[in-house]
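**Student:** need a structure here:
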Amino acid sequence: MNILIFDDDLKVKSMVPLMEENLRSKVNYFNEPVKAIKGILSGGYEIVILEVLTSSITGLEICELLAFDERLSNIAVILVSDLPLYSEKFQKSLVERKELKMVKGVLQKPFLPSDLIAKVMNIKNLPNYVK
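**Tutor:** Sure, this is the predicted structure:
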């Protein structure tokens with residue numbers, strides 16, 4: 001399984017080695033939107049983890065790009081943010097906006113590496129064992 005992370009938070013970047021070890025997967029981290037989008041468009045990613053708000057582009061805008069490219073519409077997206085992602089209003093928008101149909105999970109910061117690993121395992125129906 002290949003995973004791409006787009007986030008400008010160095011704490012999330014520091015989680016990459018643990019994710020690779022526990023998920024036995026390649027995890028590519030990008031903090032620049034152009035490189036992240038090029039990486040996604042190159043294909044081969046099963047899961048994409050996107051920060052909702054960055055200084056240049058939002059994870060929601062990237063979801064919109066994915067939704068309209070048939071080759072990429074099967075990618076599972078996890079949104080992460082400091083914003084209240086568990087709010088009723090945000091959860092409702094995930095259901096109502098068809099361009100967000102690939103969002104399979106959300107995590108509100110701060111979270112532990114084990115939280116992110118468990119979210120990926122849940123989406124991929126893997127046994128939930130974190131070292």
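**Student:** give me the neighbour count for Lys124.
**Tutor:** 15 (other Cβ atoms under 10 Å). Quick note: C-beta positions are derived from backbone N, CA and C, even for glycine.
**Student:** that one is in contact with Ser25, isn't it?
**Tutor:** No: using Cβ atoms under 8 Å as the test, Lys124 is too far from Ser25 to be in contact (9.3 Å).
**Student:** which residues do these two both contact?
**Tutor:** Taking Cβ atoms under 8 Å, 6 or more residues apart in numbering as the contact rule, Lys124 and Ser25 both touch Met1.
**Student:** list the buried residues in the lowest-mean-pLDDT helix or strand in the chain.
**Tutor:** Counting by mean pLDDT, DSSP states H and E, the weakest-scoring helix or strand in the chain turns out to be helix 88-96, with a mean of 84. Within helix 88-96, the residues that count as buried by 16 or more other Cβ atoms under 10 Å are Phe90, Leu94.
**Student:** same for that helix, what does it pack against?
**Tutor:** strand 103-108 (3 or more Cβ pairs under 8 Å, 6 or more residues apart in numbering; DSSP states H and E).
**Student:** the strand it packs on: what's the following helix or strand?
**Tutor:** helix 113-123 (DSSP states H and E).
**Student:** spell out for me which residue occupies the centre of the protein.
**Tutor:** Ile49 (1.4 Å; Cα atoms, centre = their mean).
**Student:** quick one: contacts for it?
**Tutor:** Ile3, Leu4, Ile5, Phe6, Asp7, Val12, Val77, Ile78, Leu79, Val80, Leu116.
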